[in-house]
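>>> Requesting a structural model of the entry that follows:
(one chain, ligands or ions: 1)
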Amino acid sequence: MPEGVEEERKKHVEVCVRIRPLVITSESSSSFFQGKQQSAGPTSPAPADLGTPSKSRKSFLRKPQIPRPWGKAKTPDEKNNGKPPSPAVYAWKTISDDTATQSVDLVPGRTHTYTLDHVYGPEATTEALFDRSVLGLVHAAMDGYHTSVLAYGQTSTGKTFTMTGTPNHPGLIPLSIQECFKYLKHRKQGREYLLRVSYLEVYKEHIRDLLAASAVPIRLFDSNDGLVIKGLQEEVVTSPEEVFALLEEGEARRQVGATSMNQHSSRSHVLLRLWIESRAENEPHGSVRISSLSLVDLAGSESVRLTGSSERREEGHYINKSLMTLGQVVYALSETDDETKRKHVPYRDSKLTRLLQPSLSGSAQVVLLCCISPIASHLEESHNTFKFACRAKKIPQKAKIQEVKDEKTMLAAYIEEIEDLKQQLQEAREQQEEFRRLMESGGVSTGSTDTVSDEEVQELVNAISTMERLILKSSTISTPRAKPGDFFDLSDGQGDNDDDLVDDLMAYASNPTTPNGAISAKSSFADPPGESPASNADIQMELERIQGLLGSVLKKRISGGAENAELEMLRKQLQKQQQATNLGKADSTFLQAQLDEKNKLLMEVSKMLEILEERQARLEEENDLLRREIALLRRQPKAEP
Ligand SMILES: Nc1ncnc2c1ncn2[C@@H]1O[C@H](COP(=O)(O)OP(=O)(O)OP(=O)(O)O)[C@@H](O)[C@H]1O
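Numbering: from 1, shown residues only. Alright, predicted model coming up:
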């Protein structure tokens with residue numbers, strides 16, 4: 001790799017292009033898609049023109065695994081009886097030069113050359129793309145950097161194929177998620193991690209939470225810590241399988257419809273975000289790193305005239321408008337590296353750009369993946385995509401590790417709660433022990449039922465283990481750094497195929513503690529098999545229940561043998577504890593009130609902004625109207641004097 005290229009990558013958004021292979025419609029028309037197809041509107045058959053594909057929308061998660069339609073099909077060369085395809089069909093070729101840049105030439109006619117960080121030709125696999133362009137980013141996310149992968153391109157160019165994939169060809173999302181957990185297994189770091197996932201889509205300028213069973217209003221706010229997405233559900237996850245299960249649920253709620261270009265076109269932009277909080281294990285009060293891995297599958301741009309029914313046209317209008325705003329944002333950002341000299345960046349003009357603001361504004365490491373159709377009839381759109389890609393390549397980025405020292409992070413809050421519960425458990429056990437000793441010495445009547453039961457203590461133990469299970473520890477066993485493909489060696493050490501991969505995942509997820517030093521929760525107590533992990537709300541409820549339980553346990557203990565001096569001491573301890581609890585409650589009530597106040601304020605500001613935005617839109621429309629009227633008036637012949 002020539003000197004300076006790596007340097008440039010770090011300072012600017014990394015941009016790759018993937019040219020999808022030609023897929024002949026008739027070969028894949030017997031595809032097996034489910035799920036999204038059912039929610040699709042009336043479908044129109046894809047034209048059997050220059051390779052417009054039908055789509056297998058079968059998620060990589062679903063079983064039984066059926067080979068993708070093009071997998072065992074003939075290659076275009078075979079279809080043509082061995083003759084090479086017409087250059088009018090294959091419009092692009094990549095020029096590989098073994099460096100981080102490659103060129104793509106337009107054939108035939110005028111030649112255009114675009115130089116980007118990497119160009120993946122039709123023969124490139126998603127795995128190769130992942131290894132070369134995304135793996136490092138995933139590691140950076142686990143190391144503490146905010147990172148994003150965005151798939152951009154005209155409709156039907158393979159964005160969803162690249163991001164989500166199929167059972168046999170997992171996309172960048174499953175590969176990245178696996179890599180995160182593999183990283184925990186292989187990294188000799190001694191850090192503890194808390195991972196959370198959110199999944200949303202932007203459909204017709206509305207943000208929809210794909211993890212929420214029912215629609216909840218989602219609002220965006222700016223805060224000192226960056227963009228806040230209020231109302232969005234986040235789930236704590238402890239294995240790839242848990243993430244995949246959430247994605248499968250979310251995918252069923254997605255907006256998908258048929259266009260004349262793609263029978264199962266994504267009609268929304270989709271954002272999967274993995275939040276990563278980590279802290280050195282040997283520094284109980286050390287700072288917490290907060291980072292994120294955002295995986296974005298953008299809806300495809302398309303010519304409105306191609307999109308069929310009025311519903312599709314309306315969706316297409318929203319999609320194109322938000323992509324146009326994205327183009328304007330990219331344009332403004334690419335103008336100069338100097339933020340002070342930069343013109344207004346219109347992040348606020350669409351929900352998509354608002355959501356992508358943290359990724360694009362320079363504090364994240366970004367890989368932009370532009371997908372291109374190989375066919376000549378899409379040259380215009382492909383040129384636009386290339387131009388967008390070249391612009392985006394100029395966007396500066398200065399990603400930094402973000403560390404916080406306060407208790408705002410979930411990881412710190414969880415660890416503190418666990419410590420607290422452990423303290424309470426120890427006290428309960430000591431008191432139980434004390435009670436036994438008193439009974440033996442005759443200080444308490446043996447008929448008394450007011451004692452701490454083993455079940456009650458066990459409840460505390462279970463609560464602690466439930467919380468501990470959610471905190472993942474990177475292995476402290478000395479193993480080499482994870483390399484591409486390591487994940488596939490987890491189970492039997494034999495050559496794995498794609499089917500094995502899914503099985504490996506299942507096995508790995510259901511038994512995370514392996515002799516190789518895989519992810520392990522600190523506690524030896526595990527949930528019964530088949531039980532899903534507790535949600536945040538469940539854990540909170542469980543905590544409150546346990547706190548209540550502890551209070552009643554202590555009360556019982558006191559009333560059991562009041563005459564004893566030691567009990568008097570215990571009573572004082574309990575009083576102190578209750579005072580401390582009351583103080584804590586007062587503190588949190590105060591903080592909650594402040595938080596509510598702040599939220600109220602933010603809500604009002606956001607409402608005002610919306611009103612202003614609407615007003616601005618109205619004024620712009622009126623302006624347009626006036627301009628058109630003036631133009632009309634000018635065109636009218638002047639009256640005779
Ligand atoms: N690299 C590839 N190899 C084989 N098939 C591919 C590849 N890329 C895309 N396809 C196939 O092309 C079709 C369209 O791809 P896909 O749905 O991923 O496009 P898209 O860009 O997400 O479209 P939209 O924006 O409309 O959602 C699908 O049938 C997909 O399986």
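>>> Break the chain down into its domains, please.
Using automatic domain parsing, the domain ranges for the chain come out as 5-404, 410-479+517-562, 564-641.
>>> any idea which of the ones you listed scores lowest on pLDDT?
Lowest mean pLDDT within those: domain 410-479+517-562, a mean of 60.
>>> for the stretch 301-450 of the chain, what spans make up the helices?
310-335, 351-360, 379-392, 410-440 (DSSP state H, counting those that start in this stretch).
>>> Determine which of those helices approaches the ligand most closely.
helix 310-335 (8.4 Å; CB to the nearest ligand atom). From N, CA and C alone the C-beta is placed, and that goes for glycine too.
>>> Is the ligand within reach of that closest one?
No: judged by CB under 6 Å from any ligand atom, helix 310-335 stays clear of the ligand, getting no closer than 8.4 Å.
>>> Show me which residues of that helix are buried.
312, 315-316, 318-320, 322-323, 325-334 (16 or more other CB atoms under 10 Å).
>>> What about the residue in the stretch 101-250 of the chain that the ligand sits nearest to, how many residues nearby?
Here the residue of the stretch 101-250 of the chain nearest the ligand is residue 158; by CB to the nearest ligand atom that distance is 2.6 Å. For residue 158, the count of nearby residues is 25 (other CB atoms under 10 Å).
>>> how about the nearest residue to it once chain neighbours are set aside, phi and psi?
Residue nearest to residue 158 in three dimensions, not counting chain neighbours: residue 20, with 3.9 Å by CB to CB, 6 or more residues apart in numbering. Dihedral angles phi and psi of residue 20 (degrees, to the nearest 10) take the values phi -80, psi 150.
>>> tally of neighbours for residue 20?
Neighbour count for residue 20, taken as other CB under 10 Å: 23.
>>> And for residue 161?
The burial count for residue 161: 24, using other CB under 10 Å.
>>> and the stretch 151-300 of the chain, which of its residues are near the ligand?
Going by CB under 6 Å from any ligand atom, the residues of the stretch 151-300 of the chain near the ligand are 153, 155-161, 262, 265-266, 299-300.
>>> Format these as CSV; extra columns: distance to residue 274.
As requested, those are exported to CSV (distance: CB to CB, whole Å):
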residue, distance to residue 274
153, 23
155, 27
156, 28
157, 25
158, 23
159, 19
160, 19
161, 21
262, 28
265, 26
266, 20
299, 21
300, 24
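>>> Now, those that are in helices?
Among these, the subset assigned to helices under DSSP state H consists of 159, 160, 161.
>>> Let me see the contact set for the last one.
This means residue 161. Residue 161 makes contacts with 20, 126, 169, 171, as judged by CB atoms under 8 Å, 6 or more residues apart in numbering.
>>> can you pick the most crowded of those?
Of these, with other CB under 10 Å as the count, residue 171 tops at 25 neighbours.
>>> Tally up the residues packed near the closest residue in space to that residue that isn't next to it in sequence, please.
Spatial nearest neighbour of residue 171, excluding adjacent residues (CB to CB, 6+ apart): residue 165 at 3.0 Å. By the criterion of other CB under 10 Å, residue 165 has 23 neighbours.
>>> can I assume residue 165 is in contact with residue 178?
No: taking contacts as CB atoms under 8 Å, residue 165 lies outside contact range of residue 178: 11.8 Å.
>>> which neighbours do those two share?
By CB under 8 Å, 6+ apart, no residue touches both residue 165 and residue 178.
>>> Sketch out the strands for the stretch 51-200 of the chain, chain order is fine.
In the stretch 51-200 of the chain, the segments counted as strands under DSSP state E, counting those that start in this stretch are 92-95, 102-106, 113-116, 118-120, 147-153, 191-203.
>>> ok, now which ones touch the closest residue to residue 253 other than its chain neighbours?
Nearest residue to residue 253, sequence neighbours excluded (CB to CB, 6+ apart): residue 210, at 5.1 Å. For residue 210, the contacting residues are 199, 200, 201, 249, 250, 251, 253, 254, 270, by CB under 8 Å, 6+ apart.
>>> Stretch 213-223 spans what distance, first to last residue?
This stretch, stretch 213-223, spans 27 Å end to end (CA to CA, to the nearest Å).
>>> buried set for that stretch?
218, 219, 220, 221.
>>> Around the closest residue to residue 127 other than its chain neighbours, how many other residues sit close by?
Computed as CB to CB, 6+ apart, the closest residue to residue 127 that is not its neighbour in sequence is residue 175, at 7.0 Å. Here the count is done by other CB under 10 Å, and residue 175 has 24 residues near it.
>>> quick one: residue 175 and residue 240, what's the gap?
Separation of residue 175 from residue 240 (CB to CB, to the nearest Å) stands at 10 Å.
>>> which residues do these two both contact?
By CB under 8 Å, 6+ apart, no residue touches both residue 175 and residue 240.
>>> Surely the residue of the stretch 101-250 of the chain closest to the ligand is in contact with residue 120?
No: Residue 158 lies out of contact with residue 120 (CB under 8 Å); the separation is 10.2 Å.
>>> which residues do these two both contact?
Common neighbours of residue 158 and residue 120 (criterion: CB under 8 Å, 6+ apart): residue 18.
>>> if you skip the residues just before and after it, what's nearest to residue 164?
Nearest non-adjacent residue to residue 164 (CB to CB, 6+ apart): residue 171, at 4.5 Å.
>>> Spit out the contact partners of the one you found.
Going by CB under 8 Å, 6+ apart, the list of residues near residue 171 reads 60, 126, 160, 161, 162, 163, 164, 165.
>>> Contact partners for residue 154?
Contacts of residue 154 (CB under 8 Å, 6+ apart): 300, 301, 302, 371, 372, 373, 378, 381, 382, 384, 385.
>>> Whichever of those residues end up buried, select them in PyMOL.
Buried subset of those, written as a PyMOL selection, criterion 16+ other CB under 10 Å:
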select buried, resi 300+301+302+371+372+373+378+381+382+385
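>>> Just send the contacts of residue 154 back as TSV, with distance to residue 186 too.
Below are these laid out as TSV (distance: CB to CB, whole Å):
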residue	distance to residue 186
300	36
301	39
302	42
371	31
372	35
373	38
378	42
381	41
382	39
384	41
385	36
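>>> And the furthest pair within the contacts of residue 154?
Using CB to CB, the two most remote members of the contacts of residue 154 are 302 and 372, lying 14.4 Å apart.
>>> Would you mind measuring from residue 394 to the ligand?
For residue 394, the distance to the ligand equals 24 Å [CB to the nearest ligand atom, to the nearest Å].
>>> Leaving out chain neighbours, which residue sits closest to that residue?
residue 334 (3.8 Å).
>>> my read: that neighbour touches residue 395, true?
Yes: contact criterion CB under 8 Å: residue 334 and residue 395 qualify, at 5.3 Å.
>>> quick one: contacts for residue 19?
92, 94, 104, 119, 120, 121, 122, 372, 373, 374.
>>> wouldn't residue 184 be in contact with residue 276 here?
No: the criterion here is CB under 8 Å, and residue 184 misses it with residue 276 at 10.1 Å.
>>> which neighbours do the two share?
By CB under 8 Å, 6+ apart, the residues touching both residue 184 and residue 276 are 142, 193.
>>> helices and strands around the one helix or strand residue 244 maps to, which ones?
Element membership for residue 244, per DSSP states H and E: helix 240-252. For helix 240-252, the helices and strands in contact under the criterion 3 or more CB pairs under 8 Å, 6 or more residues apart in numbering; DSSP states H and E are helix 172-186, strand 191-203, strand 235-237, helix 498-510.
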